[in-house]
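In: This is a predicted model, with the sequence first.
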Amino acid sequence: MAKALKMVFKLSDTQTATVSLADPKAGLTKAEAEAVMTDMIAKNALVVKGVSPKAIKAVYIRSSEDQELA
């Protein structure tokens, strides 16, 4: 099963940007991920169409599984 860390940032009241990282470390906590996101915001490390994120909207791990067709 594949896993990806999804970090969702608020660009404005209606716009968001999502950064996906494959295979996050086991035992990653919300606090650890949010600390990195806060640092990214503070350092303007992410710019989308000329706009830097203003806040964190969400952070989660998405699991997916490929299933071959018979």
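Out: All right, it came through fine. Note that this is a predicted model, so its numbers are computed, not measured. Numbering: from 1, shown residues only.
In: helices or strands up against the helix or strand hosting I61?
Out: Assigned by DSSP states H and E, I61 belongs to strand 55-64. Applying 3 or more CB pairs under 8 Å, 6 or more residues apart in numbering; DSSP states H and E, we find strand 55-64 packed against strand 2-10, helix 30-42. (Glycine included, C-beta is placed from N, CA and C.)
In: bridging residues for the residue nearest to A33 when sequence neighbours are not counted?
Out: The shortest distance from A33 to any non-neighbouring residue, by CB to CB, 6 or more residues apart in numbering, is to V59 (4.6 Å). Beta bridges link V59 to M7, judged by DSSP bridges.
In: What pLDDT does the model give V59?
Out: For V59, the model assigns a pLDDT of 98.
In: One more: M1?
Out: Residue-level pLDDT assigned to M1 equals 84.
In: and if you look at K25?
Out: So, for K25, pLDDT stands at 96.
In: Over to D66?
Out: Reported pLDDT for D66: 88.
In: so how many other residues sit close to it?
Out: By the measure other CB atoms under 10 Å, the count of residues near D66 is 6.
In: Keeping just the C-alphas, turn stretch 44-59 into CSV.
Out: The C-alpha trace of stretch 44-59 is given here as CSV (Å, rounded to 0.1, in the frame of the first residue of the first chain):
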residue,chain,number,x,y,z
ASN,A,44,8.4,31.8,1.9
ALA,A,45,9.7,28.4,0.7
LEU,A,46,6.6,27.8,-1.4
VAL,A,47,5.3,30.2,-4.0
VAL,A,48,2.3,29.3,-6.2
LYS,A,49,1.5,31.7,-9.1
GLY,A,50,3.3,34.5,-7.2
VAL,A,51,1.4,33.9,-4.0
SER,A,52,3.0,32.5,-0.8
PRO,A,53,0.9,30.5,1.7
LYS,A,54,-0.6,32.4,4.6
ALA,A,55,-1.6,29.5,6.9
ILE,A,56,-2.0,25.7,7.3
LYS,A,57,-5.3,24.3,6.2
ALA,A,58,-4.7,20.5,6.8
VAL,A,59,-2.1,17.8,7.0
